[in-house]
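Enquirer: sequence first, then the predicted structure:
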Amino acid sequence: MQNGDLRGRSSMVNNRTSLFGGGASTSGGSGGGVAGGGSGSYNQYDEERENDRAIDQIANRAAALKRITIDIQEEAEQQQSLLDGMGQYMDKSRGLVGNVSRYFDKVLKENRHRRYAYYVLGLVVLFLILYRWMFS
């Protein structure tokens, strides 16, 4: 287990030295440093390409997240405007219902108008019964 750790550490040191230019002292020969540096530079370029690819992927994901958040913001603004419009319509309908309620209170307080209100109510009920009978 210790031998495996030592081999892993020595390969890590060799990788570091080949990347950062200390290959001549670790290889033990004058020509070994150039060969180690050449393979180290190849590995360095591969790692740079991998890093560039990873950076591009992160940039693409960040751009996609930005588009999604912009879409979410636009959707939220649309829904907010729809809700504001619905609130205004509800306020208007509340006012109309209040006016109708006050009018019916006034009509029902007078006896002669009460009879007309019953006629109208009877016609509405008759219409609903006929509608239900015809389309059932």
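Expert: Yes, it's here.

Enquirer: can you give me the helices for this protein?
Expert: 2-20, 23-27, 32-109, 111-134 (DSSP state H).

Enquirer: tell me how many other residues crowd the nearest residue to V107 once chain neighbours are set aside.
Expert: Counting by C-beta to C-beta, 6 or more residues apart in numbering, V107 lies nearest to H113, which is 4.3 Å off, once chain neighbours are set aside. Any C-beta I mention is one placed from the backbone N, CA and C, and that applies to glycine too. As a burial measure, H113 scores 13 neighbours (other C-beta atoms under 10 Å).

Enquirer: out of the helices of the chain, which gets the lowest mean score?
Expert: Lowest mean pLDDT of the helices of the chain: helix 23-27, a mean of 44.

Enquirer: what about N43, neighbour count?
Expert: Count around N43 with other C-beta under 10 Å applied: 13.

Enquirer: got it, and V107?
Expert: 14.

Enquirer: you'd agree it is up against R114?
Expert: Yes: at 7.1 Å, V107 counts as touching R114 under the criterion of C-beta atoms under 8 Å.

Enquirer: follow-up on the earlier one: most packed of the helices of the chain?
Expert: Among the helices of the chain, the stretch with the highest mean neighbour count (mean count of other C-beta atoms under 10 Å) is helix 23-27, at a mean of 16.

Enquirer: would you put the C-alpha positions of stretch 128-136 in CSV?
Expert: In CSV, the C-alpha atoms belonging to stretch 128-136 read as follows (Å, rounded to 0.1, in the frame of the first residue of the first chain):
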residue,chain,number,x,y,z
LEU,A,128,-84.1,28.0,-17.0
ILE,A,129,-86.6,25.1,-16.7
LEU,A,130,-87.3,25.1,-20.4
TYR,A,131,-83.6,25.3,-21.2
ARG,A,132,-82.9,22.4,-19.0
TRP,A,133,-85.7,20.4,-20.4
MET,A,134,-84.7,21.1,-24.1
PHE,A,135,-81.0,20.4,-23.8
SER,A,136,-81.0,17.4,-21.3
